[in-house]
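S.K.: here's a sequence, model it:
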Amino acid sequence: MTHTALHTPLCDLFGVEHPIVQTGMGWVAGPRLVQATSNAGGMGILAGATLTFEQLEPAVNEIKERTDKPFGVNLRADAPDLEDRCDILINRGVRVASFASPPAGTVVKKLKDAGLVVIPTIGARRHAEKVAALGVDAVIAQGAEGGGHTGVVPTTLLLPEVVDTVDIPVVAAGGFFDGRGLVAALAYGAAGIAMGTRFLLTQESRVPDDVKSVYLDTPVTGTVVTKSIDGAPLRVIRTKVIDRLEGAGRLLAFPRAAINALRFRKLTGTSLRDLLREGVAMKRSQDLTYGQMMMAANAPMLTKASMVDGHLETGILPTGMGVGVIDELPTVAELIERIIAEADETLDRLGN
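M.R.: You can find the predicted model right below:
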């Protein structure tokens, strides 16, 4: 029998069996992975941020055809068509809307009034305070060990800080991969854990097998946090591509970024006008250089080149540090069942 400690407020908030969240990783968290997570008792989140508006509703419909369990969709808080995307989630009965950055208060209210749970990801205590004031239902606190865009505070320091600051459920992220980690997160006061890399390395993940092999071969020390991709700290696997970007001086940063942007924009069918418009918007909001602006607009396409199309020589590989302790590809059901069993065993051991 599962320990009652593993049924947390997050389970009730989401309507799921286990306090485990599969994050909405861009290009990775497709319908197959999401439905597998939800069917296994966790909270699966679709990577809606990297879907076009036309692709979003069919993807949501596909998940609903595969499961009657709750699931979520990740959205970009600065998407120009955010209101319309929210309408899709509302109309299709999606349970959770997640965000990598704080959505506007009006967006939070609209989603909550329609019955959705709103949960942004934060990397600092002050960010948790800010989004809590907006009325969000919970937060994912991602420590520096996490993959993709990440902060500088380790999970073991960020988590207790956030738990002590806000009175809403806190989901721990950054470095989690097993049942022992789940128990540790609960001990800090979290209501559950969120994992990206661990779910990326499952059988249902859409990442090509040869790319997964690169992840499996990466040691704990094989990742790096770089600003050379889009101007913001991004944890990725250290590759020759990253070394070249890191080694480029300011003089070469802009032309190299511009060439890459033009080369890879076709991967998503993005027009040059849209690419430039998105880059200018990022430059204004994030105070980027022109080189960083071009890379920021082009970064999602670089990621897609590797994570979807398998072009390792041209792409980037976002990952958490936990990649170094993962060496196999279970099914999602096997993974979640194992995590809960390990958590049960850990709680038994601590109780003796």
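S.K.: give me the low-pLDDT residue ranges for this structure?
M.R.: Across the chain, the ranges flagged by pLDDT under 70 are 248-298, 352.
S.K.: and it, what are its domains?
M.R.: Per automatic domain parsing, the domain ranges recorded for the chain read 4-207+327-351, 219-307.
S.K.: most tightly packed of those domains?
M.R.: domain 4-207+327-351 (a mean of 21; mean count of other C-beta atoms under 10 Å). In short, each C-beta sits where N, CA and C put it, glycine included.
S.K.: compute the first-to-last residue distance for that one.
M.R.: End-to-end span of domain 4-207+327-351 (C-alpha to C-alpha, to the nearest Å): 13 Å.
S.K.: same question for stretch 111-127.
M.R.: End-to-end distance (C-alpha to C-alpha), stretch 111-127: 20 Å.
S.K.: next one: stretch 316-328
M.R.: Using C-alpha to C-alpha, the end-to-end distance of stretch 316-328 comes out at 21 Å.
S.K.: and stretch 141-156, by the same measure?
M.R.: Stretch 141-156: ends 11 Å apart by C-alpha to C-alpha.
S.K.: got a list of contacts for that stretch?
M.R.: When contacts are defined by C-beta atoms under 8 Å, 6 or more residues apart in numbering, stretch 141-156 is touched by residues 25-26, 100, 121-124, 128, 157-159, 161-163, 170-176, 188, 190, 194, 196-197, 223, 225, 232-236, 318-323.
S.K.: now do stretch 52-69
M.R.: 16, 30-32, 34-35, 38-39, 41, 44, 46, 48, 51, 71, 73, 81, 84-85, 88-89, 92-94, 268-269.
S.K.: strands - which of these land there?
M.R.: Residues of those located in strands (DSSP state E): 44, 46, 71, 73.
S.K.: residue 212: which of those residues is nearest?
M.R.: residue 44 (18.8 Å; C-beta to C-beta).
S.K.: give the contact list for that closest one.
M.R.: Taking C-beta under 8 Å, 6+ apart, we find residue 44 in contact with 22, 29, 33-38, 63, 71-72.
S.K.: then stretch 222-242 to CSV, C-alphas only?
M.R.: Extracted C-alpha coordinates of stretch 222-242, given in CSV (Å, rounded to 0.1, in the frame of the first residue of the first chain):
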residue,chain,number,x,y,z
GLY,A,222,29.0,16.8,-19.2
THR,A,223,26.7,19.8,-19.1
VAL,A,224,27.3,23.5,-19.2
VAL,A,225,25.2,26.6,-18.6
THR,A,226,25.7,29.0,-21.5
LYS,A,227,24.4,32.4,-22.5
SER,A,228,25.6,32.0,-26.1
ILE,A,229,22.4,30.5,-27.3
ASP,A,230,19.8,33.2,-26.6
GLY,A,231,21.3,35.5,-24.0
ALA,A,232,19.8,33.7,-21.0
PRO,A,233,21.4,31.0,-18.9
LEU,A,234,20.7,27.7,-20.7
ARG,A,235,21.9,24.3,-19.4
VAL,A,236,22.8,22.0,-22.3
ILE,A,237,25.0,19.1,-23.1
ARG,A,238,28.5,20.3,-23.8
THR,A,239,29.1,19.7,-27.5
LYS,A,240,31.4,21.1,-30.2
VAL,A,241,28.6,23.3,-31.3
ILE,A,242,28.4,24.8,-27.8
